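J.: need a structure here:
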Amino acid sequence: MMRAPLHGFTFWFDVEFDGPANSPTNNHAPSSLIGSSNKNSMDGIQKKKRANLNDALVLSTAPEDPPTHWQQTLVYFYNPIEVEQDQIIEGSLTLSQSKENRQIYEYSPSTRE
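T.: Numbering: from 1, shown residues only. Down below sits the predicted model:
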């Protein structure tokens, strides 16, 4: 069985934005901006479209989805963990907002061995 060092993890996320009919407030963008059928792009990245404006819009940073202005997060370990092929790794990751800069998150990983 193959063994190798694990140097870290990559994280990504999905965010779901409710359509206007499901929104708790009535402060939403005009339908011409949300449901436009033309092929607008922003920096070469195609915008996501909805066939029905009341459907939720999902923004994903998953590697198989088109790129967004948000990115995946790469978390390196100070000390790599030696793992075997197909080994299940359990643990937790605590994220907290930096007190110095609100746009930075600090993380504390822990693993169960």
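J.: Name the single longest strand found in the protein.
T.: Counting by DSSP state E, the longest strand found in the chain is strand 73-84.
J.: So which residues make contact with the very next helix or strand once past it?
T.: From strand 73-84 onward toward the C-terminus, using DSSP states H and E, the following helix or strand is strand 90-97. Applying Cβ atoms under 8 Å, 6 or more residues apart in numbering, the external contacts of strand 90-97 come out as 9, 11, 75, 104-112. Every C-beta, even on glycine, is put in place using the N, C-alpha and C of the backbone.
J.: May I have the strands that pair with the longest strand of the chain, each with its orientation?
T.: Sheet pairing here is set by DSSP bridges, and for strand 73-84 it gives strand 3-11 (antiparallel).
J.: contacts for the following helix or strand past the partner strand?
T.: Going down the chain from strand 3-11, the next helix or strand is strand 14-17, by DSSP H and E. Counting by Cβ under 8 Å, 6+ apart, strand 14-17 makes contact with 56-62, all of which sit outside it.
J.: just to revisit the earlier point, for the longest strand of the chain, which positions count as buried?
T.: By neighbour count on 16 or more other Cβ atoms under 10 Å, the buried set for strand 73-84 is Ile81.
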